[in-house]
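Peer 1: Attaching a predicted model along with its sequence, questions to come.
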Number of protein chains: 2
Amino acid sequence: MVSSVEAVLGWDQETHLPAAATAHRAAQLSWLAGHVHALATDSDLKRLVQRASKGANAVQQANLRVIEREMKRQSALPASLIEEESRAVSLAKASWQRARAKDDFPAFAPHLEALVGFARRKAELWGYPNEPYDALLEGYEPGMTCAQLDNCFGPLQPRLIALAAKAVERCSQAPRVARPTAVYPVALQKQLNAEIAASLGFDFAAGRIDTTAHPFCTTLGPRDIRLTTRYDERDFTSSLFGVLHEAGHGLYEQGLPAKHFGLPSGRACSLSVHESQSRLWENHVGRSEVFWQRWYPRAQELFPALRRLALERFVQSLRRVSYSPIRVEADEATYDLHILLRVELERRLLRGELAVRQVPAAWAELSRQWLGFAPKNDSEGCLQDIHWSMGGIGYFATYTLGNLHAAQLFKAAMSEGSIASAFRRAEFAPLLQWLRTRVHRKGALKTPSALVASASGGGISPEPYLQHLRKRYLGGR
Amino acid sequence: MVSSVEAVLGWDQETHLPAAATAHRAAQLSWLAGHVHALATDSDLKRLVQRASKGANAVQQANLRVIEREMKRQSALPASLIEEESRAVSLAKASWQRARAKDDFPAFAPHLEALVGFARRKAELWGYPNEPYDALLEGYEPGMTCAQLDNCFGPLQPRLIALAAKAVERCSQAPRVARPTAVYPVALQKQLNAEIAASLGFDFAAGRIDTTAHPFCTTLGPRDIRLTTRYDERDFTSSLFGVLHEAGHGLYEQGLPAKHFGLPSGRACSLSVHESQSRLWENHVGRSEVFWQRWYPRAQELFPALRRLALERFVQSLRRVSYSPIRVEADEATYDLHILLRVELERRLLRGELAVRQVPAAWAELSRQWLGFAPKNDSEGCLQDIHWSMGGIGYFATYTLGNLHAAQLFKAAMSEGSIASAFRRAEFAPLLQWLRTRVHRKGALKTPSALVASASGGGISPEPYLQHLRKRYLGGR
């Protein structure tokens, strides 16, 4: 309940808050955050949870187990640490914005140092099997450890480096397809985005699409899912792929059991499973030929400039590959190298093998090795992401895990003949139905790995993802 | 703090909430309302307030006195009563909507009966000098009693009845001025409204204007004031007068001492004083000749159809007078008769002189006597307002008090030569400055009557208001 109230205030902050109102909004949110932590560590509540398992059914017992685990984790942190960290984050975010604008890493370094310090203190309080990163990862990906990451990312990394290099090479030799230069009116983009989101199954009686600087999806209640995107009048695909990605998150949220809202059985399994849903709809569906066989004629109706460009060439234009210094602008074939780089640096920072002041050099070194170039400055390098300034250390891994899950789930779904043949007719309802049954309705009672494994009928593996990338970007099968 | 969080959720409910999300929003709001009541009756807090007066300065002491009075009032009501009433209100609101749609007063009657019962129980718990209505009025207008209302509304009523009759007669004999039939695009209406609101002093860095079915103003934080209005493509004055009225409320909220947000010294004095600000900007400024000398050329620029209508005739069109069965559509000259009718019926209900089932007949009777006609059904009669279904008995009086205060404050301000001469040049900043100093910055430390009396240099009187109406609608001075 409190978290959904926080979500309303957070959404309003991104979409509507007047400039002068930020300080009071911060005070409102910090008051609510205090409530959340107090509830999560309340000793009466803890006793109630312990007692409640008597006479509970299987789902209730599973809920109680997850709640108990989370309360234990929260209670391991003193309130003073939460408050200190919250203040440090406020300062770090402001410092990061200035540092990025001025390309001044040394100005941000003391803040990053403080946040790494908090991350290490929390890891020590929580405990971990092998290295501090394990303890942080657990907060985003319950049950996941660095050892498992190594099993998965270890074989992935060299193959991704080689695949990306080949894909970039191949793309640079092909003739470049440019989408027609024209004004794509925002009102018509909104029209197309809404038609597509609705056709994929997004329920506008229980959700909306609004406009923000960066797209996101947030849940204000079990039947109140808000997506956002940003508009570029010269490129309608920018807002549309924002919507496809966020609608993937939104379909997941709308598919959770509403009756269990607020309980583990009624909420998303983890960040990586969430990301698997957004990437599945954005990339496996939204960048497919069949999707555009269905939607390109409608886009041409709304945007007559597109009539000059054939469908095949339009789809090619969505699959251009090149190295970008900026993660959020990276294409599907090179994206995960950005992630693996960050995960590697975070783990070194937490193990104490890397000092904060050495981050820019280490970043440049890995970038050179994996992406073939060093960023031209820190604003385009280690200062580019907001995550660290928000204390979100341990978060990045979930992006690549999400890509792996997406490929594995999509492959499993398409192995069912009726889903595959509907997909070839650009009918995506059976695919959604499969995800509803195997993923969405399961809530967060299983670990992400167990959920994906049971949904796809096999252990976590990077193979389906590599296969998908090879097929799409190297013309392999 | 909690109330401002409630305000965010309330605003979002009116402006953006998806259809299926209402139930969870109600749950969120009721959770917050429980917090508000718990805080307002907390015994530790009460002790703290009692102790705090030692060493407090004059403003702090005044704040503590108001807070103590309010906590005493809240504590007089058991939590069970609050909860029962809140449930009854939820049911009554839903019933009222259906009953109004179907013109079925008997279906709503048991709900109204229940709410009158709660109002009487609360009045008994609070106590009152003469009649139960006193106790309810105190909640909206601290320090106001029925005896004072009688002093004020008593002489007002027969004179208003006569004045309205003459104004309607006079208007019906004059040639009718119709504004040009045209489409007034919503985007251009928004443009004009924003220019006007900004020119009056509304600070868009600390506020916004959005779209709702019924205009309102709400405060989400000391620098976050949200106005709303509704748009009619065939009549730009509908959205504009909505904005002028709500901007009056908004200017008041933006003029309160932000540092004192959440304390009596940082909040509006009462509903009637709030209404005085909205009516002052809507009617005394917004329907004046000088206002339109300044803004009509701009309106003609944006809406070329207006070029066919001269300024004088446009202003006449804003001052049409006729009897309307519907309060919210009533003009300035007849509006207060609707209010006095409701106040009379509420007082009779609370004194037990009128049974709920007799309300339609009593309504028709008073309407015939004062407005010259009986409503053609209950949907256009005693079912037309939302207030009773929300338990808001005792609220209506503040509308007419607001009109009286507006006229009294406006007259006092205009008695200062520099303000009057600026006003004649359509410069309203000195008027706003006067209101800022005499009204806005004072917060809620005085009673409404004391505040208006000290700002205007004289006791509460209906004379300035009658004088204003006579001058505008009967051509008197």
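Peer 2: Structure received. Numbers count the residues shown, from 1 in each chain, chains lettered A, B, ... in the order given.

Peer 1: close to chain B, is stretch A:204-220?
Peer 2: Yes - using C-beta under 8 Å from any C-beta of the partner chain, stretch A:204-220 comes into contact with chain B via A:204-208, A:210, A:220. C-beta here means a position set from N, CA and C on the backbone, and glycine is covered the same way.

Peer 1: Could you give the number of residues near the residue nearest to A:F216 when sequence neighbours are not counted?
Peer 2: Closest residue to A:F216 apart from its sequence neighbours, by C-beta to C-beta, 6 or more residues apart in numbering or on different chains: A:T228 at 5.5 Å. By other C-beta atoms under 10 Å in any protein chain shown, 21 other residues sit near A:T228.

Peer 1: Is A:T228 in a helix, a strand, or coil?
Peer 2: strand (DSSP: H, G, I helix; E, B strand; the rest coil).

Peer 1: For A:F291, see how far away it is.
Peer 2: 22 Å (C-beta to C-beta, to the nearest Å).

Peer 1: Hey, what's the angle from the strand or helix carrying A:L29 to helix B:22-40? Just curious.
Peer 2: Here A:L29 sits within helix A:22-40, counting by DSSP states H and E. Between helix A:22-40 and helix B:22-40, the angle comes out at 90 degrees (axes from the mean of the first three to the mean of the last three C-alpha atoms, to 10 degrees).

Peer 1: Could you list the buried residues of helix A:22-40?
Peer 2: Going by neighbour count (16 or more other C-beta atoms under 10 Å in any protein chain shown), the buried part of helix A:22-40 is A:24-25, A:27-29, A:32-33, A:35, A:37, A:40.

Peer 1: List just the nearest of those residues to chain B.
Peer 2: The closest of these to chain B turns out to be A:H24 (C-beta to the nearest C-beta; 3.3 Å).

Peer 1: so what's the closest one closest to, chain neighbours aside?
Peer 2: Nearest to A:H24 is B:G221, by C-beta to C-beta, 6+ apart, at 3.3 Å.

Peer 1: which ones are touching that neighbour?
Peer 2: B:G221 sits next to A:21, A:24-25, A:28, B:4, B:261 when contact means C-beta atoms under 8 Å, 6 or more residues apart in numbering or on different chains.

Peer 1: give me that answer again for 6 Å
Peer 2: Contact analysis of B:G221 by C-beta atoms under 6 Å, 6 or more residues apart in numbering or on different chains lists A:21, A:24, B:4.

Peer 1: Check A:G381 too.
Peer 2: Per C-beta under 6 Å, 6+ apart, neighbours of A:G381: A:363, A:375.

Peer 1: And it, how close does it get to A:K93?
Peer 2: In terms of C-beta to C-beta, A:G381 sits 19 Å off from A:K93.

Peer 1: just A:T212 next, same as before
Peer 2: A:T212 sits 17 Å away from A:K93, taking C-beta to C-beta as the criterion.

Peer 1: And for A:A178?
Peer 2: Counting by C-beta to C-beta, the gap from A:A178 to A:K93 is 37 Å.

Peer 1: which one of these two has more residues nearby?
Peer 2: Comparing A:A178 with A:K93 by other C-beta under 10 Å, the one with more neighbours is A:K93, at 14 against 9.

Peer 1: In which helix or strand does the closest residue to A:G372 other than its chain neighbours reside?
Peer 2: Nearest residue to A:G372 in three dimensions, chain neighbours excluded: A:Y323, at 6.1 Å (C-beta to C-beta, 6+ apart). For A:Y323, there is no enclosing helix or strand under DSSP H and E.

Peer 1: re the thing from before, and the buried residues of helix A:22-40, which two are furthest apart?
Peer 2: Put simply, by C-beta to C-beta the two of those set farthest apart are A:H24 and A:A40, 24.8 Å from each other.

Peer 1: Mind listing what's buried along the longest helix along chain A?
Peer 2: Across chain A, the longest stretch assigned as helix under DSSP state H is helix A:146-173. Buried residues in helix A:146-173, counted by 16+ other C-beta under 10 Å: A:146, A:148-149, A:152-153, A:156-157, A:160-161, A:163-168, A:171.

Peer 1: so how far is it from its chain's centroid?
Peer 2: Put simply, helix A:146-173 sits 19 Å off its chain's centre (C-alpha atoms, centre = their mean, to the nearest Å).

Peer 1: close to chain B, is the helix or strand just after it?
Peer 2: As assigned by DSSP H and E, the chain's next helix or strand after helix A:146-173 is helix A:186-200. No - against chain B, helix A:186-200 shows no contacts by C-beta under 6 Å from any C-beta of the partner chain, the least distance being 10.8 Å.

Peer 1: what helices or strands is helix A:186-200 leaning on?
Peer 2: Applying 3 or more C-beta pairs under 6 Å, 6 or more residues apart in numbering or on different chains; DSSP states H and E, one finds that helix A:186-200 contacts helix A:236-255.

Peer 1: Please work out the average pLDDT along the helix it packs on.
Peer 2: Averaging pLDDT along helix A:236-255 yields 97.

Peer 1: Quick one: distance of whatever helix or strand comes next after it to the chain centre.
Peer 2: Next in sequence after helix A:236-255, counting helices and strands by DSSP H and E, comes helix A:271-279. Its chain's average C-alpha position is 6 Å from that of helix A:271-279, according to C-alpha atoms, centre = their mean.

Peer 1: What angle do helix A:236-255 and helix A:271-279 make with each other?
Peer 2: 130 degrees.

Peer 1: Might you list the low-confidence residue ranges for chain A?
Peer 2: A:476-477 (pLDDT under 70).

Peer 1: mind listing the strands for it?
Peer 2: A:207-211, A:217-221, A:224-229 (DSSP state E).

Peer 1: Can you say which of these is nearest to B:T237?
Peer 2: strand A:207-211 (29.3 Å).

Peer 1: Go ahead and name everything in contact with the closest one.
Peer 2: Contacts of strand A:207-211 (C-beta under 6 Å, 6+ apart): A:15, A:225-228, A:250, B:18.

Peer 1: how about those, which pair is most distant?
Peer 2: A:T15 and A:G250 (15.3 Å).

Peer 1: quick one: which of those two has more around it?
Peer 2: A:G250 (29 against 17).

Peer 1: Tell me who's in contact with A:G255.
Peer 2: A:436, A:440.

Peer 1: That one and chain B, how far apart?
Peer 2: 14 Å (C-beta to the nearest C-beta, to the nearest Å).

Peer 1: same thing with A:E329?
Peer 2: 30 Å.

Peer 1: How about A:G143: what's its closest non-neighbour residue?
Peer 2: A:T447 (3.3 Å).

Peer 1: err, A:H405, not the other one
Peer 2: Nearest residue to A:H405, sequence neighbours excluded (C-beta to C-beta, 6+ apart): A:S276, at 3.5 Å.

Peer 1: With A:E380 instead?
Peer 2: A:P325 (4.3 Å).

Peer 1: Got phi/psi on A:I386?
Peer 2: phi -80, psi -20 (degrees, to the nearest 10).

Peer 1: how many other residues sit next to it?
Peer 2: A:I386 is flanked by 13 other residues according to other C-beta under 10 Å.

Peer 1: Now do the closest residue to it other than its chain neighbours against A:R287, distance only.
Peer 2: Spatial nearest neighbour of A:I386, excluding adjacent residues (C-beta to C-beta, 6+ apart): A:W96 at 7.0 Å. A:W96 sits at a distance of 32 Å from A:R287 (criterion: C-beta to C-beta).

Peer 1: what does A:E113 give?
Peer 2: Plainly put, A:E113 is 40 Å away from A:R287 if you go by C-beta to C-beta.

Peer 1: out of these two, which sits in the busier spot?
Peer 2: A:R287 (17 against 14).

Peer 1: My guess is A:W96 contacts A:M390. True?
Peer 2: No - using C-beta atoms under 6 Å, A:W96 is not in contact with A:M390; the gap is 8.7 Å.

Peer 1: Of those two, which one has the most company?
Peer 2: Counted by other C-beta under 10 Å, A:W96 and A:M390 do not tie: A:W96 has more neighbours, with 21 against 15.
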